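Peer 1: dropping a prediction and its sequence here:
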Amino acid sequence: MRGSNHTGMRQFNERIVLQAIRHHGAIAKADIARLTQLSTQTVAIIVSRLMDDGLLLKQDRVRGKIGQPSVPLSLNPDGAYSLGLQVGRRSLEVLVSDFLGQPRHRLQYTYPYPDPDVVLPNIEKGLAHMQATMGKDWDRVVGIGLTAPLSLHHWSDQMGGAAGKALQRWEALDLRATVQALTTLPVEFAKDTTAACVAEMLQGHGRMVENYLYVFVGTFVGGGLVLAGHIVAGQRDNAGAIGSMPMGIASATQKPAQLLQMASGWHLEQTLEQAGFAPQLVHQDAIMDPAYTAYVEPWLLQAGQALSMTAVSATALMDLDAVIIDGSLGRSLVEALIRATRERITQYNLDGLQAPTIMSGQVGAHARALGGSLLPLHTQFFPIKDIFLKEDLA
């Protein structure tokens with residue numbers, strides 16, 4: 001990242017300095033000036049302001065080198081906090097992250113399906129709980145990142161019964177506005193799988209891999225797309241919506257299944273429930289016990305085939321480096337799905353393609369809530385105006 005010495009760029013240059021320290025760890029002012037191409041005087045002024053705001057900490061002096069001992073500067077984990085609210089199809093998660101993007105407090109409410117009459121009171125209860133838990137630190141919370149599946153009511157046919165009727169009520173509800181009415185903190189909204197992709201981009205493989213399809217497998221499967229190190233949202237914020245990807249060729253008499261129907265945890269849940277087992281097993285490592293093999297293996301075969309087709313199709317279109325798979329299912333089940341996908345992708349004709357690396361996500365089951373909590377931090381402290389960046393002509 002490169003800064004600008006032009007006047008009127010104070011806030012942007014502050015973000016550039018914070019980003020340099022975030023990427024490189026504790027560094028001295030001289031190194032910050034070198035990395036950002038800001039003048040040493042500008043860096044000194046910015047550092048002084050950030051220290052006054054409690055966003056930076058001085059580390060012990062580094063001695064033993066030529067010249068004066070340097071004083072490395074690091075981000076203050078307690079400099080700011082952000083809160084994530086993740087409305088899922090099986091649970092509500094409330095998560096507080098510190099200035100480093102690390103989770104500090106977490107709370108979860110579970111339910112059989114997302115009924116607004118259950119979810120909204122729990123959101124209010126969760127906010128009150130976190131405020132009481134954090135005490136004075138609550139004053140340093142900069143915002144709330146709210147995440148949920150887009151158009152929850154669209155899945156009413158999939159879930160059916162009382163769950164379907166509850167989901168239909170989301171159509172007339174503006175979730176962001178409803179949550180905003182519960183708090184004085186600014187509320188930002190993002191699709192849940194996009195938020196999970198944000199978490200992987202900022203805290204996981206995204207720090208090293210620039211072009212990838214992100215896949216999150218939970219009750220339903222969804223994804224996000226990162227190209228050149230930036231999330232691609234699309235005209236309708238629906239880029240990477242792989243759940244709708246067709247898994248075959250349509251005919252005049254038949255529409256092919258979508259990935260949603262082939263690789264979602266929902267279908268394994270239904271199979272287990274019909275066999276007399278608790279559907280929540282899919283979120284526990286116990287799901288890999290031999291007692292459930294007869295139900296798990298067919299799902300892994302089908303889901304692995306569907307995800308491998310998705311990976312090859314996406315790579316042919318976007319020349320991806322990797323496909324990163326994560327999820328809220330039991331960790332051992334997610335890892336088994338990744339292995340199944342790797343095995344099936346070798347069955348495709350990859351002539352003309354560089355096969356993407358199939359990688360395991362580094363963030364895990366809480367990626368959606370963590371990504372939500374990172375949204376306000378990103379908005380307020382990250383240099384997002386790329387147009388102002390200097391070109392590196394070296």
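Peer 2: Thanks, I have it.

Peer 1: which stretches in this protein count as strands?
Peer 2: 56-58, 73-75, 81-87, 91-97, 103-110, 141-148, 187-191, 212-217, 221-227, 230-231, 322-327, 357-360 (DSSP state E).

Peer 1: give me every residue that touches residue 127.
Peer 2: 83, 94, 182, 183 (Cβ atoms under 8 Å, 6 or more residues apart in numbering). The way it works is simple: take the backbone N, C-alpha and C, and place the C-beta from them, glycine included.

Peer 1: most neighbours of all these, which one?
Peer 2: Among those, the one with the most neighbours (other Cβ atoms under 10 Å) is residue 83, at 29 neighbours.

Peer 1: leaving aside the residues adjacent along the chain, what's closest to that one?
Peer 2: residue 144 (4.8 Å; Cβ to Cβ, 6 or more residues apart in numbering).

Peer 1: one more: residue 246?
Peer 2: Nearest one to residue 246, counting by Cβ to Cβ, 6+ apart, is residue 256 at 4.8 Å.

Peer 1: picking up where we left off before, rank the strands of the chain by pLDDT, which is bottom?
Peer 2: Ranked by mean pLDDT, the strands of the chain end with strand 230-231 at the bottom, a mean of 88.

Peer 1: what's the offset of that one from the middle of its chain?
Peer 2: 12 Å (Cα atoms, centre = their mean, to the nearest Å).

Peer 1: hmm, back to that, now the residue nearest to residue 246: how far from residue 239?
Peer 2: 21 Å (Cβ to Cβ, to the nearest Å).

Peer 1: before we move on, the earlier item: determine which stretch of the strands of the chain is the most buried.
Peer 2: Highest mean neighbour count of the strands of the chain: strand 212-217, a mean of 29 (counted as mean count of other Cβ atoms under 10 Å).

Peer 1: where in the protein is the helix or strand with the lowest mean pLDDT?
Peer 2: Least confident element among the helices and strands of the chain, by mean pLDDT, DSSP states H and E: helix 156-159 (a mean of 59).

Peer 1: who touches residue 204 in this structure?
Peer 2: 324, 361, 362, 363.

Peer 1: and for residue 73?
Peer 2: Per Cβ under 8 Å, 6+ apart, neighbours of residue 73: 21, 26, 27, 28, 29, 32, 47, 56, 57, 58, 59.

Peer 1: kindly recompute the last result at 7 Å.
Peer 2: 21, 26, 27, 29, 47, 56, 58 (Cβ atoms under 7 Å, 6 or more residues apart in numbering).

Peer 1: export stretch 134-154 as PDB, just CAs?
Peer 2: Output of stretch 134-154 as PDB, limited to C-alpha atoms (Å, rounded to 0.1, in the frame of the first residue of the first chain):
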ATOM      1  CA  MET A 134     -17.600  -5.500  28.100                       C
ATOM      2  CA  GLY A 135     -18.300  -2.700  30.600                       C
ATOM      3  CA  LYS A 136     -16.300   0.400  29.800                       C
ATOM      4  CA  ASP A 137     -14.800  -1.200  26.700                       C
ATOM      5  CA  TRP A 138     -18.200  -0.900  25.100                       C
ATOM      6  CA  ASP A 139     -17.500   2.700  24.500                       C
ATOM      7  CA  ARG A 140     -14.800   1.600  22.000                       C
ATOM      8  CA  VAL A 141     -17.100  -0.500  19.900                       C
ATOM      9  CA  VAL A 142     -17.200   1.200  16.500                       C
ATOM     10  CA  GLY A 143     -20.100  -0.600  14.900                       C
ATOM     11  CA  ILE A 144     -22.100  -3.800  14.100                       C
ATOM     12  CA  GLY A 145     -21.700  -6.000  11.100                       C
ATOM     13  CA  LEU A 146     -25.000  -7.900  10.500                       C
ATOM     14  CA  THR A 147     -24.900 -11.000   8.300                       C
ATOM     15  CA  ALA A 148     -27.600 -13.300   7.100                       C
ATOM     16  CA  PRO A 149     -28.500 -15.200   4.000                       C
ATOM     17  CA  LEU A 150     -30.000 -13.100   1.200                       C
ATOM     18  CA  SER A 151     -33.800 -13.500   0.900                       C
ATOM     19  CA  LEU A 152     -34.300 -15.900   3.800                       C
ATOM     20  CA  HIS A 153     -37.900 -16.400   2.600                       C
ATOM     21  CA  HIS A 154     -36.700 -18.000  -0.600                       C
END
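
Peer 1: before we move on, back to that, could you double-check that the residue nearest to residue 83 lies in contact with residue 190?
Peer 2: No - using Cβ atoms under 7 Å, residue 144 is not in contact with residue 190; the gap is 11.3 Å.

Peer 1: give me the nearest residue to residue 152, chain neighbours excluded.
Peer 2: Leaving aside its sequence neighbours, residue 152 is closest to residue 170 (4.0 Å, by Cβ to Cβ, 6+ apart).

Peer 1: quick one: pLDDT of that neighbour?
Peer 2: On the pLDDT scale, residue 170 gets 86.

Peer 1: also residue 78?
Peer 2: 97.

Peer 1: do you know how far residue 347 is from residue 40?
Peer 2: Counting by Cβ to Cβ, the gap from residue 347 to residue 40 is 58 Å.

Peer 1: returning to what we had before: residue 256 and residue 239: who's more crowded?
Peer 2: residue 239 (17 against 13).

Peer 1: ok, now which ones touch the nearest residue to residue 333 once chain neighbours are set aside?
Peer 2: Take residue 333 and drop its neighbours on the chain: the residue closest to it by Cβ to Cβ, 6+ apart is residue 287, 5.2 Å away. By Cβ under 7 Å, 6+ apart, the contact set of residue 287 is 281, 296, 330, 333.

Peer 1: which residue ranges of the stretch 1-150 of the chain form helices?
Peer 2: 10-24, 29-36, 40-52, 116-134 (DSSP state H, counting those that start in this stretch).
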